[in-house]
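> I'll drop the sequence and a predicted model, then ask my questions.
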Amino acid sequence: SMRHHFLCSLEKHADNMKVSGNVQLDETFVSGSHKSRHIEGKALKDDGRTLKKRGVSKEKVCLATMADDNGNAFARSYNAGQLTSKEALNLASHMAGSCSMTTDGTSVYDQLASATGSFHRKTEDRKDSKAEVNLNRINSFHSVIKSHYRNYRGVASKYINRYASMFAHAWNVNKVVKEGENYEHTLSTVRKDGISLTGDELRDYRLYAPADLIYRTA
């Protein structure tokens with residue numbers, strides 16, 4: 001209960017998170033899961049690793065992610081399966097005005113760049129980490145997400161955005177520690193956004209429930 005109170009506070013705090021300057025954007029995917037909950041006619045996926053469909057499908061939860069060169073990051077899921085241009089526009093409120101955006105070769109972020117007046121660069125070779133235009137920073141952020149996700153052996157999909165906020169917070173705190181700043185000061189900003197919820201309210205607070213995964217959040 002205390003863990004989820006803290007996660008919900010982080011999620012609320014993330015509502016005001018903004019990236020700026022040189023920003024890298026990309027998606028990462030985790031397996032959908034109704035962890036530890038039996039639902040009639042559906043196989044239980046405790047760790048979210050066993051899926052019926054290969055590749056990116058509606059059984060995958062898409063995390064839209066951003067990371068700038070100031071040590072700030074943001075992650076949130078808006079759908080299952082591939083990210084669409086309309087869904088990517090949700091990221092605009094988490095960008096501090098026009099930025100220099102770097103993405104892969106997809107056109108998903110074109111509307112976002114236009115809406116925010118950002119300069120948009122696309123990598124020519126996503127696998128070349130030494131290329132002048134690369135996605136090294138966002139790929140490192142994805143590694144942090146996957147590492148935490150493995151440690152939890154997956155998380156129930158209905159809570160994915162609570163944990164996404166924690167993943168981003170872990171990345172942001174890494175900058176604070178490296179620069180020798182006081183983490184207690186950083187944590188105090190989260191406490192200011194703290195919330196007070198009963199057990200029932202905590203269970204139902206801002207659940208992630210896209211139609212494609214609704215059976216996993218029942």
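Now that the structure is in, tell me what you want to look at. Residues are numbered from 1 along each chain as shown.
> center of this protein, which residue is that?
Most central in the chain under Cα atoms, centre = their mean is A75, positioned 2.4 Å from the mean C-alpha point.
> close enough to count as contact, that residue and A168?
Yes. Taking contacts as Cβ atoms under 8 Å, A75 lies within contact range of A168: 4.8 Å. In short, each C-beta sits where N, CA and C put it, glycine included.
> Need the overlap of contacts for those two.
Both A75 and A168 are in contact with T65, where contact means Cβ atoms under 8 Å, 6 or more residues apart in numbering.
> who does the residue nearest to A164 when sequence neighbours are not counted bridge with?
Leaving aside its sequence neighbours, A164 sits nearest to A75 (Cβ to Cβ, 6 or more residues apart in numbering; 4.2 Å). Assessed by DSSP bridges, A75 has beta-bridge partners T65.
> wait, what's in contact with A75?
63-66, 141, 145, 164-165, 167-168.
> cool, and H142?
Here H142 is in contact with 26, 28, 65 (criterion: Cβ under 8 Å, 6+ apart).
> so which helix or strand takes in it?
If you go by DSSP states H and E, H142 is part of helix 136-151.
> Tell me how far that helix lies from the chain's centre.
Here the centre of helix 136-151 is set off from its chain's centre by 10 Å, with Cα atoms, centre = their mean, to the nearest Å.
> any idea of the mean pLDDT for it?
For helix 136-151, the per-residue pLDDT values average out at 92.
> Would you mark the buried spots in it?
Residues of helix 136-151 classed as buried by neighbour count (16 or more other Cβ atoms under 10 Å): 137-139, 141-142, 144-145, 149.
> Using PDB, write out every CA atom in that helix.
Only the C-alpha atoms of helix 136-151 are listed here, as PDB (Å, rounded to 0.1, in the frame of the first residue of the first chain):
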ATOM      1  CA  ASN A 136      22.100   6.600 -27.500                       C
ATOM      2  CA  ARG A 137      20.500   8.500 -24.600                       C
ATOM      3  CA  ILE A 138      17.000   7.200 -25.100                       C
ATOM      4  CA  ASN A 139      18.300   3.700 -25.600                       C
ATOM      5  CA  SER A 140      20.000   4.000 -22.300                       C
ATOM      6  CA  PHE A 141      16.800   5.100 -20.700                       C
ATOM      7  CA  HIS A 142      15.100   2.100 -22.200                       C
ATOM      8  CA  SER A 143      17.800  -0.200 -20.700                       C
ATOM      9  CA  VAL A 144      16.900   1.300 -17.200                       C
ATOM     10  CA  ILE A 145      13.200   0.600 -17.800                       C
ATOM     11  CA  LYS A 146      13.800  -3.000 -18.900                       C
ATOM     12  CA  SER A 147      16.200  -3.600 -16.000                       C
ATOM     13  CA  HIS A 148      13.600  -2.400 -13.400                       C
ATOM     14  CA  TYR A 149      10.800  -4.300 -15.200                       C
ATOM     15  CA  ARG A 150      12.800  -7.600 -15.000                       C
ATOM     16  CA  ASN A 151      13.500  -7.000 -11.300                       C
END
